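>>> could you look at this predicted model? Sequence included:
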Number of protein chains: 2
Amino acid sequence: MAVNLTAPRAQDLLPVAGVRLGVAEAGIRKKDRKDLLVVELAAESRVAGVFTKNRYCAAPVIVCREHLAGESRIRALVVNTGIANAGTGATGLADARATCAAVARALGVEARAVLPFSTGVIMEHLPVDRLVAGIPAAVANLREDAWADAAAAIMTTDTVPKAVSRQVVIDGVKITVTGIAKGAGMIQPNMATMLGFVATDAAVGHDTLQDMVRFVADRSFNAVTVDGDTSTNDSFVLVATGRAGNPRIVGEGTAEFTRLAECVLEVAQILSQAIVRDGEGATKFMTLVVEGGATREECLRVGKSIAHSPLVKTAFFASDPNLGRILCAVGNAGIADLDPARVTLHLGDTLVAEKGGRAAAYTEEQGKAVMAPAEITVRVGLGRGVESATVWTCDFSYDYVKINADYRS
Amino acid sequence: MAVNLTAPRAQDLLPVAGVRLGVAEAGIRKKDRKDLLVVELAAESRVAGVFTKNRYCAAPVIVCREHLAGESRIRALVVNTGIANAGTGATGLADARATCAAVARALGVEARAVLPFSTGVIMEHLPVDRLVAGIPAAVANLREDAWADAAAAIMTTDTVPKAVSRQVVIDGVKITVTGIAKGAGMIQPNMATMLGFVATDAAVGHDTLQDMVRFVADRSFNAVTVDGDTSTNDSFVLVATGRAGNPRIVGEGTAEFTRLAECVLEVAQILSQAIVRDGEGATKFMTLVVEGGATREECLRVGKSIAHSPLVKTAFFASDPNLGRILCAVGNAGIADLDPARVTLHLGDTLVAEKGGRAAAYTEEQGKAVMAPAEITVRVGLGRGVESATVWTCDFSYDYVKINADYRS
């Protein structure tokens, strides 16, 4: 049961000029479900991506990195669900390349202009014949207004499709940003995978788009966690078709970069937070704000340390204001010279800890009142500087264990 | 329900000459239970310790570090359960010092010759008056053969007391090593704490003992994990009374050092593994052997990455040979240049993965057979060098969530 998350309405998802999407049933792992998505991109599109840091990265991730290297001109994305094509050795790599080649043939582009993505079970081989056989149907379905279909087609065991659109005016030109994402919930008792695709019709320079995807990923997909397991297939791709007609945005320092990045970031944050809201067994959505750090990186580490503590997560499940567990996680974040006497901790707006101990005015009743709702904000002040970071996570419930201990089926 | 763990028999615990132990009921947090332990050490004893790296370390940890600095001559340990005296600011520090002073008065030694230890609830203040009032009774009870009582008195919500003895002959002299430990199970729904005390009658030089405690801790207490939360109070102390009459052991490279260190290590491993066997909700005991590393540290990191993955732990709970989750955890250990093509994975004696994918001869039935018992060994070969490390952990069950989501009582 997702936390405050409903499916997007198809009419709320805005087409992005230069992006067409088509889905099909390829029978990858299960019958009678859309499990194949092809995305066609206009000729002048720029594409940038960030990928999993897991050393056991999936074959499609390896191929994506190859195809994005140098002066790449990406013309299509192809996504299958059901099989992750990870832990599949040399055969998996050949399967990913064969998939790209088949999409390239169908669209009349080069194979290296295609980026492949897979999500699903690890250590099983892709039924590449069935996948290739499904491509013509997906291509025949290509439409600009198929974002809702696309969001549904990339789901594995997500309970709610994840998609959102926003618009922003830059240099007098209305720019559209639409994105879809799946998973990270790992609700299927196998390693699932996070995929995020965001497209805009803005014109953006190649290097600038790469800067933007990193900036956005660090503040959205890289700032959410369900259970701390970085999957083998994580991929976040940002497409800029240039069809809006704005002057091409070049350089990270410009006002235009900031306006577009903020709009893309809003879309990416909504999508990444949707992944947490749909996290396995989630009953609570927590926002962890860490402030007063010497660096953004150390703030992020403190946030992740809290978010990954099973003791903190079970306390949130129980709506228990168990302050000691949070302080313990702060102390475990690996900041060697952290001074607990300068750390402050707020639950919601209530100061609960300072000077190395419990705040004098704090009462357990105040803490319980903050912990009762489904959405909870925790603020940590490190007392070391002016940097900050926010991490979003969910709680740890019986259903998490149930979902992941059920045998693979 | 602990995994293959039974209480030690009092007659199996060997006295260590120069060490006397006394317990008492101080009423720290609950009535009618032994919650105070005083350990008196002979005048020539050497003591070395390692303590939590958590920056929110407890007041007694701070005092222990102070009292062990320089040419310390420690004459007593004092341990209370019920309240951890962590997250208690300046008051907590004063309480820990008052405790040392009271023990010092009772034994006729200096306050800085006393090491204090606390375990229990975080962010509550120690009832120092009741603790001090209990000290005379504990001192009146001091006996050499009270190790079983001591092991029971330091329990919080452990289900089984943890104690063991071993002997070794060094330079023709029979040396005894006896140790006790508690917790890390965090079975009480508050941060609990790991405490380990090991004593030997061997004569060991001061610096050499410090080398030995680090060597042993790295291969025992630092190599076990239940849920990845390093507590605020973790302490492991090694006492050498020198009463056995062996020539004093000086220098890490000597044969005598190695013989004693191996005996102490055996005691420490049994105690630390007992903590895992008694881990919260544990139904399985896993030994993770990581070999072929470039450094011992990277092997340990791979072992901990597997041991901390909630997806791996729930799969073990389900007796599910979910190989993808283990490979994913290997890939997440932060070894930037790890080559998955060289990694091998064994479940028990069965090769299950190699060359970046599933081993050709492996069948799911083989995997299920290995996963069925309560004790499971996983071997990872990194293919990078000759170093190795072993990590011990338990699974993640419904009861883990139940235990930690129950409200503090």
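Thanks, I have the structure now.
>>> tell me the mean pLDDT over the helix or strand containing residue A:102?
Assigned by DSSP states H and E, residue A:102 belongs to helix A:89-107. Average pLDDT, helix A:89-107: 97.
>>> and after that helix, which helix or strand comes next?
Sequence order places strand A:114-121 as the next helix or strand after helix A:89-107, per DSSP H and E.
>>> in whichever helix or strand comes after that next one, what counts as buried?
Where DSSP H and E defines the elements, the next helix or strand beyond strand A:114-121 is helix A:128-140. In terms of neighbour count (16 or more other Cβ atoms under 10 Å in any protein chain shown), helix A:128-140 has its buried residues at A:128, A:130, A:131, A:132, A:134, A:135, A:138, A:139. C-betas here are computed from N, CA, C, even on glycine.
>>> one more: stretch A:279-296?
A:279-293.
>>> next one: stretch A:9-21
Applying a neighbour-count criterion of 16+ other Cβ under 10 Å, one finds A:13, A:14, A:15, A:16, A:17, A:18, A:19, A:20, A:21 buried in stretch A:9-21.
>>> which of the buried residues of stretch A:279-296 fall within strands?
A:285, A:286, A:287, A:288, A:289, A:290, A:291, A:292, A:293 (DSSP state E).
>>> closest one of those to residue B:396?
residue A:286 (20.1 Å; Cβ to Cβ).
>>> what sits against residue A:241?
Contact analysis of residue A:241 by Cβ atoms under 8 Å, 6 or more residues apart in numbering or on different chains lists A:16, A:17, A:18, A:19, A:41, A:42, A:44, A:45, A:199, A:200, A:201.
>>> out of the residues you listed, who's nearest residue A:298?
Among these, and counting by Cβ to Cβ, the member closest to residue A:298 is residue A:200, at 32.0 Å.
>>> list phi and psi for that closest one.
With angles defined as degrees, to the nearest 10, residue A:200 sits at phi -140, psi 150.
>>> what's the pLDDT at it?
So, for residue A:200, pLDDT stands at 95.
>>> and if you look at residue A:397?
For residue A:397, the predicted pLDDT is 89.
>>> and it, its phi and psi?
With angles defined as degrees, to the nearest 10, residue A:397 sits at phi -120, psi 170.
>>> need the strands for the stretch 101-250 of chain A, in chain order.
A:114-121, A:162-170, A:173-182, A:195-200, A:224-225, A:235-240 (DSSP state E, counting those that start in this stretch).
>>> any low-confidence regions in the stretch 51-200 of chain A?
Under the criterion pLDDT under 70, the flagged ranges of the stretch 51-200 of chain A are A:184-193.
>>> apply 90 and report the result again.
Residue ranges of the stretch 51-200 of chain A with pLDDT under 90: A:51-58, A:70-73, A:86-87, A:119-124, A:155-160, A:181-197.
>>> what about residue A:101, how many neighbours?
15 (other Cβ atoms under 10 Å in any protein chain shown).
>>> who touches it in this structure?
Going by Cβ under 8 Å, 6+ apart, residue A:101 touches A:111, A:114.
>>> can we see that at 6 Å?
residue A:111 (Cβ atoms under 6 Å, 6 or more residues apart in numbering or on different chains).
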